[in-house]
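A.B. asks: Sequence and predicted structure, then a few things I'm wondering about:
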Amino acid sequence: MSLGHTITVEQGTRHIRVVHGSHVLAETDRALELRETGCPVRYYIPEADVRMDLLAPSDTQTYCPFKGTASYWSLPDAPDLVWSYPDPKPDVAEIRNHLCFYEPEVS
């Protein structure tokens with residue numbers, strides 16, 4: 001990590017639910033909470049708790065110097081709605097096989 005930039009990953013205790021239109025895309029009590037300097041808390045949901053059958057892989061990829069290369073999935077009316085890091089950097093290895101949505105319901 002660079003000076004002044006931190007990332008922490010902890011097991012979350014909150015219920016996370018992702019709904020788009022009439023579909024529940026994900027629901028879990030097992031999300032990881034990723035906190036990164038300058039960013040909102042992001043909830044990484046185990047792939048087993050995501051309706052992958054509703055999502056289509058996207059060609060989009062982005063690179064984060066702290067987490068690695070992200071891959072994205074889309075819905076027909078919501079491009080690049082969800083992302084994951086298939087091969088995350090060692091400092092955030094826990095997020096492998098987890099996906100993150102932009103606006104989950106948190107309770």
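C.D. replies: Looks like it arrived, so ask away.
A.B. asks: Now do the strands in this protein.
C.D. replies: 7-11, 16-20, 23-28, 32-36, 42-46, 56-64, 68-75, 78-84, 98-101, 105-106 (DSSP state E).
A.B. asks: Show me what the third one packs onto, helices and strands only.
C.D. replies: Translated: strand 23-28. strand 16-20, strand 42-46, strand 98-101 (3 or more CB pairs under 8 Å, 6 or more residues apart in numbering; DSSP states H and E). (Each C-beta comes from the backbone N, C-alpha and C, glycine too.)
A.B. asks: got the ones you listed as CSV, with mean neighbour count, mean pLDDT and distance to Pro76 columns?
C.D. replies: Putting the helices and strands packed on strand 23-28 into CSV (neighbours: other CB atoms under 10 Å; pLDDT from 0 to 100; distance: least, CB to CB, whole Å) gives the following:
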stretch, mean neighbour count, mean pLDDT, distance to Pro76
strand 16-20, 19, 96, 11
strand 42-46, 22, 98, 21
strand 98-101, 24, 98, 16
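A.B. asks: I'd like to know which of those lies nearest to Thr69.
C.D. replies: Nearest of the helices and strands packed on strand 23-28 to Thr69, taken as CB to CB: strand 98-101 at 14.0 Å.
A.B. asks: Turn the strands of the chain into CSV, columns for distance to Asp91.
C.D. replies: Below are the strands of the chain laid out as CSV (distance: least, CB to CB, whole Å):
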stretch, distance to Asp91
strand 7-11, 6
strand 16-20, 23
strand 23-28, 23
strand 32-36, 11
strand 42-46, 14
strand 56-64, 11
strand 68-75, 10
strand 78-84, 16
strand 98-101, 15
strand 105-106, 24
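A.B. asks: Pick the most buried one from those strands.
C.D. replies: strand 98-101 (a mean of 24; mean count of other CB atoms under 10 Å).
A.B. asks: what comes into contact with that one?
C.D. replies: 18, 25-26, 31-32, 34, 42-47, 50, 73, 81-84 (CB atoms under 8 Å, 6 or more residues apart in numbering).
A.B. asks: just to revisit the earlier point, between the strands of the chain, which one is nearest to Val92?
C.D. replies: Closest among the strands of the chain, using CB to CB: strand 7-11, at 5.7 Å.
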